[in-house]
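J.: Next input, structure requested:
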Amino acid sequence: MLIVGLLFPILFGFIISLLIVSDIPIFERISIAYGLGFGLLTLAMFFLDVAGIKFSLINTVILISALMILSLTYLLLRHKISYPSLRKLNVFKKIKQTISSLSIFEGIIIGLLIFFLLSNIAISVYWPVWEADAMGMFDFRARVFAETESISEAARTITVISPGYFLAYPPLASLASTWLYLCGWATPKVFYPLLLISLAIICYYSLRDYSLRYHALLFTLIIVIHPAIYFHATASYINFPFAFYFAVGIMYLYRWMSTQKRGFLSLAGIFFALFAWTRRESLLFFLGSLAVLIIFAISQRRFFAPILFALLYFSVEPLWNIYLSAKPFWIIYLKNFLYSQFSLIDTVVASSSFIPEVSRVPGMFNRFFDFAHWRTALIWLRLWIISPHRETFYSLFLITLLCIDRIRKHLFLFLLVYLNLVLFTLAGYMVLMNRVLMNRELWKGTTSSAKRLFMIFPPIMWYFMALVTAETKDESSS
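T.: Next up is the predicted model:
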């Protein structure tokens, strides 16, 4: 059952990926299948709970199996999958050809990638869950879910923490761990390093579309060994899955913009939806990405694209709030749109769930143009965000300046990266000013959450740097 616990979600994600996109490399599809399969599996467990059915191992397997059978039937009827097409894969032949064509430099990079990824798996499997937040929240919640096989029953059962805190975060990471516990795993931490491997493979193929092989391998290695990414891939936190779904969503969104390949936009929308299913703070960055997509859609006359992207995202984003509220759906829906800018601003950096009173808004607006407060906010940003990631920031700014002539070629990726960074900065400023208005200690409760949240950015920052410094095949041959 241990292996089935990993292979079953991958098979589910693999079949769903066939419905969404065709003609992608088999290893990229398997990597998509891992993140997609586990994410959609947790949604299936959630809907079982909503229907009043326990998400036991048997019930979950029956539901997912039914979905897979329906999907395979559709694929076979539409002739989108057949035995001859499977024979054309020639996986082992392609691997042999690739290995024989590697240069020494590429071989060294692949060796380092294998070493770091296997080390990450070993660390995760060897050490039990020990992180404070994981033991007190995410892994604890997964254990209770596995015991009760119900979210609502788990919330009624616990006594050591309040139900409000217990259900404060969307359940993707906890339900993924719950699934592994139900399958007999002693620790669910294996989920995270395998997600890191998926990120590495998707990064490589996302770079390979635009660059030579050695360049794609080098920047994939840089992303994998980034300290924040590498550490959190060994911890049972929600931060790395949050970063994974955001980074992969941005990559496929940009790849759709640059190639118009069918299915990439849908993949981006689904990954952004799972991004929202991991933490509450996704809406701000979704809106930033949607704004860039709207600009692109207008320039290319692809007006349906932002609608599809938004529909996929909002099919999942409100679910957890609706589940936790006894109010009608339309009230929750209006609340998300009318007041989310305030709740987001606080939750982007602070861990408390605070929605400012309307009377405080004018004071916050006036302070927005107070340069003294901006100076305080920029000092906070430099000390707690830029300094821990100074190599990434300095590299980003330097490469942007040196490769300014190439920015136009990747303009929309430039906008995706920089606009979301600006939104993060503005959100951080508003949180600090909110704390001033409430007479709270300025730094308390903000820095650790901000540092964990910021880890969504290094993968897309290095992805952007890789593309603008890439030497294309045409340039290499000339």
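J.: Any stretches of the stretch 1-150 of the chain with poor pLDDT?
T.: 82-91 (pLDDT under 70).
J.: pLDDT averaged over the helix or strand where Tyr254 lies, what's the number?
T.: Using DSSP states H and E, Tyr254 maps to helix 239-259. Taken as a whole, helix 239-259 has a mean pLDDT of 97.
J.: Can you give the distance of that helix from its chain's centre?
T.: Distance of helix 239-259 from its chain centroid, counting by CA atoms, centre = their mean, to the nearest Å, is 7 Å.
J.: Now do the longest helix seen in the chain: which elements does it pack against?
T.: Using DSSP state H, we find that the single longest helix of the chain is helix 411-437. Secondary-structure packing of helix 411-437 (3 or more CB pairs under 8 Å, 6 or more residues apart in numbering; DSSP states H and E): helix 239-259, helix 283-300, helix 329-349, helix 361-367, helix 371-381, helix 447-454, helix 457-468. Where C-beta positions appear, they are placed from N, C-alpha and C, glycine not excepted.
J.: Determine which stretch of those is the most buried.
T.: helix 239-259 (a mean of 25; mean count of other CB atoms under 10 Å).
J.: what's downstream of that helix, the next helix or strand?
T.: Heading C-terminal from helix 239-259 (DSSP H and E), you reach helix 264-276.
J.: Identify all contacting residues around that next one.
T.: With contacts defined as CB atoms under 8 Å, 6 or more residues apart in numbering, helix 264-276 is touched by 17, 20-21, 32, 35-36, 39-40, 170, 172, 242, 245-246, 248-250, 252-253, 255-256, 282-283, 285-286, 289, 305, 308-313, 315-317.
J.: One more pass at 7 Å, please.
T.: 20-21, 32, 36, 39, 172, 242, 245-246, 248-249, 252-253, 255-256, 282, 286, 305, 308-309, 312-313, 315-317 (CB atoms under 7 Å, 6 or more residues apart in numbering).
J.: Relative to the whole chain's centre, how far out is it?
T.: 9 Å.
J.: What residues of that helix count as buried?
T.: Within helix 264-276, the residues scored as buried using 16 or more other CB atoms under 10 Å are 264-276.
J.: Ok, stretch 218-237 next?
T.: 218-224, 226, 228-230, 232-237.
J.: For it, give me every contacting residue.
T.: Counting by CB under 7 Å, 6+ apart, 109, 112-113, 116-117, 120, 123-124, 129, 131, 133-134, 138-139, 177, 188-189, 192-193, 195-196, 200, 203-204, 207, 239-240, 243, 455, 458-459, 462, 466 sit against stretch 218-237.
J.: which of those residues count as buried?
T.: Here, 16+ other CB under 10 Å leaves 109, 113, 116-117, 120, 123-124, 129, 131, 133-134, 138-139, 177, 188-189, 192-193, 195-196, 200, 203-204, 207, 239-240, 243, 455, 458-459, 462, 466 buried among these.
J.: Show only the entries of these found in helices.
T.: Of the buried ones among the contacts of stretch 218-237, the ones assigned to helices by DSSP H are 109, 113, 116-117, 120, 123-124, 133, 139, 177, 192-193, 195-196, 200, 203-204, 207, 239-240, 243, 458-459, 462, 466.
J.: In contact with Phe246, which residues?
T.: Phe275, Phe285, Ile456.
J.: Tell me the spacing between the second one and Arg255.
T.: It refers to Phe285. 18 Å (CB to CB, to the nearest Å).
J.: got it, and the first one?
T.: Distance of Phe275 to Arg255, given as CB to CB: 17 Å.
J.: The helix or strand harbouring Ser31: what's the following helix or strand?
T.: Counting by DSSP H and E, the element that carries Ser31 is helix 26-50. Going down the chain from helix 26-50, the next helix or strand is helix 57-77, by DSSP H and E.
J.: And that next one, what does it pack against?
T.: Applying 3 or more CB pairs under 7 Å, 6 or more residues apart in numbering; DSSP states H and E, we find helix 57-77 packed against helix 2-20, helix 26-50.
J.: Quick check: which helices or strands does the first one pack against?
T.: So that's helix 2-20. Partner elements for helix 2-20 (3+ CB pairs under 7 Å, 6+ apart): helix 26-50, helix 57-77.
J.: Would you mind getting the angle between it and helix 264-276?
T.: If you take axes from the mean of the first three to the mean of the last three CA atoms, to 10 degrees, helix 2-20 sits at 140 degrees to helix 264-276.
J.: For helix 2-20, what is the distance to the chain centroid?
T.: Here the centre of helix 2-20 is set off from its chain's centre by 18 Å, with CA atoms, centre = their mean.
J.: Buried residues in that helix, which are they?
T.: Applying 16+ other CB under 10 Å to helix 2-20 flags 5-6, 8-20 as buried.
J.: Tell me which residue is most central in the protein.
T.: Tyr245 (1.7 Å; CA atoms, centre = their mean).
J.: per-residue pLDDT, the nearest residue to that one once chain neighbours are set aside?
T.: Spatial nearest neighbour of Tyr245, chain neighbours left out: Phe275 (3.9 Å); criterion: CB to CB, 6 or more residues apart in numbering. Phe275 is assigned a predicted lDDT (pLDDT) of 97.
J.: Could you do Phe371 as well?
T.: pLDDT recorded at Phe371 is 71.
J.: so where's the stretch 251-400 of the chain uncertain?
T.: Low-confidence segments of the stretch 251-400 of the chain, defined by pLDDT under 70: 326-370.
J.: change it to 80
T.: Flagging of the stretch 251-400 of the chain using pLDDT under 80 yields the residue ranges 326-374, 376-377.
J.: pLDDT (mean, whole number) over stretch 156-166?
T.: The model assigns stretch 156-166 a mean pLDDT of 80.
J.: What is the end-to-end distance of it?
T.: 10 Å (CA to CA, to the nearest Å).
J.: So what's the gap between it and the chain middle?
T.: 27 Å.
J.: What is the neighbour count of Ser31?
T.: 27 (other CB atoms under 10 Å).
J.: Go ahead and confirm it touches Tyr204.
T.: No: Ser31 lies out of contact with Tyr204 (CB atoms under 7 Å); the separation is 9.1 Å.
J.: Quick check: phi and psi at Ala470.
T.: Backbone torsions of Ala470, given as degrees, to the nearest 10, read phi -70, psi 140.
J.: returning to that earlier point: reformat the helices and strands packed on helix 411-437 as CSV; add distance to Lys80.
T.: CSV is the format used below for the helices and strands packed on helix 411-437 (distance: least, CB to CB, whole Å):
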stretch, distance to Lys80
helix 239-259, 20
helix 283-300, 27
helix 329-349, 35
helix 361-367, 52
helix 371-381, 49
helix 447-454, 39
helix 457-468, 30
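J.: To Ser211, which of those lies closest?
T.: helix 457-468 (6.7 Å; CB to CB).
J.: Mind giving me the packing neighbours of the closest one?
T.: helix 191-208, helix 213-224, helix 227-232, helix 239-259, helix 390-402, helix 411-437.
J.: now these in TSV, with distance to Ala450?
T.: Shown next, in TSV, are the helices and strands packed on helix 457-468 (distance: least, CB to CB, whole Å):
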stretch	distance to Ala450
helix 191-208	21
helix 213-224	21
helix 227-232	12
helix 239-259	12
helix 390-402	15
helix 411-437	6
